[in-house]
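Student: sequence-free structure coming up:
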């Protein structure tokens, strides 16, 4: 019995190609592409003020002096930042074809997804610490403070939700959605992985050049993993684990873990 012949992507008409290209630009303009542009401008601004080594970048800051309103603002920020995810899932949904299954954003393979997620988190986590230390030593990375929220009963749950927000937002859009649309346009696998990694690097540049390089390498690994598995869930799990460890770890142990100084 002969092996099945792989089915190539259908050739799109020029009008359909332009529509997909426009859709990609709009989605990125509403989400991570916009963040990338702002991050590049913020990096340039920081470099005109003082050496990057002497500056600090704070994540997860308090948004109001009143703890009730601080919580409300935190939750609203998390909720509305996930609207672009709902948009791309809506755009990828077709009659009889779920967007969740299309990009592998399901719990259909929990053991494999969590196993791969833990492996990726371990590799990226160790690499992140190394790149951060090297960037600080070279003076191309700002001091990073992962969490600067006041201590309330809701601080740790909000930090965990924030980590999960970043994981879902980034992996669904910059990997699952982008790969699907670029594949429809006929892009090669290396081009898709490289483009995704460059976008991922761009919106982290506000932290300095080091995090940009580190996230570019992370993007290459995550892009390759998605190409091989066709599933975004392991990437979401890995990303969430990395951010939870950073956000919650810093909130619990502060400068004792060696980040932010």
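Tutor: Ah, there it is. Since the model is a prediction, treat every value here as computed from it, not as a measurement.

Student: The longest helix along the chain - contacts with which helices or strands?
Tutor: Across the chain, the longest stretch assigned as helix under DSSP state H is helix 110-138. For helix 110-138, the elements it packs on are helix 209-229, helix 233-253, judged by 3 or more CB pairs under 8 Å, 6 or more residues apart in numbering; DSSP states H and E. (C-beta placed from N, C-alpha, C; glycine too.)

Student: Including mean neighbour count, mean pLDDT and distance to residue 28, could those go into TSV?
Tutor: Output for the helices and strands packed on helix 110-138, formatted as TSV (neighbours: other CB atoms under 10 Å; pLDDT from 0 to 100; distance: least, CB to CB, whole Å):
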stretch	mean neighbour count	mean pLDDT	distance to residue 28
helix 209-229	20	97	14
helix 233-253	21	91	18
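
Student: And these: which comes nearest residue 85?
Tutor: Closest approach to residue 85 among the helices and strands packed on helix 110-138 is made by helix 233-253 (10.6 Å; CB to CB).

Student: list the helices and strands the closest one packs on?
Tutor: If contacts are counted by 3+ CB pairs under 8 Å, 6+ apart, helix 233-253 sits against helix 110-138, helix 155-171, helix 209-229.

Student: can you give me the offset of that helix from its chain's centre?
Tutor: Computed by CA atoms, centre = their mean, to the nearest Å, the chain-centroid distance of helix 233-253 equals 12 Å.

Student: Dump the helices and strands packed on helix 233-253 into a markdown table; add distance to residue 87 as well.
Tutor: Formatted as a markdown table, these follow (distance: least, CB to CB, whole Å):
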| stretch | distance to residue 87 |
| --- | --- |
| helix 110-138 | 24 |
| helix 155-171 | 11 |
| helix 209-229 | 20 |
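
Student: Which of those helices sits closest to residue 77?
Tutor: Proximity to residue 77 (CB to CB) singles out helix 155-171 among the helices and strands packed on helix 233-253, at 8.4 Å.

Student: Can you mark which positions in that closest one are buried?
Tutor: Neighbour-count burial for helix 155-171 flags 155-156, 158-159, 161-171 (criterion: 16 or more other CB atoms under 10 Å).

Student: and if you look at stretch 172-188?
Tutor: Using 16+ other CB under 10 Å as the test for burial, stretch 172-188 gives 172-182, 187.

Student: starting at the chain centroid, how far to it?
Tutor: From the chain centre to the centre of stretch 172-188 is a distance of 15 Å (CA atoms, centre = their mean).

Student: who touches it?
Tutor: Contact partners of stretch 172-188, identified using CB atoms under 8 Å, 6 or more residues apart in numbering, comprise 9, 11-12, 17, 20-21, 23-24, 27-28, 31-32, 84-85, 88-89, 91-92, 102-105, 191-192, 195-196, 199-200, 219, 222-223, 226-227, 232, 235-236.
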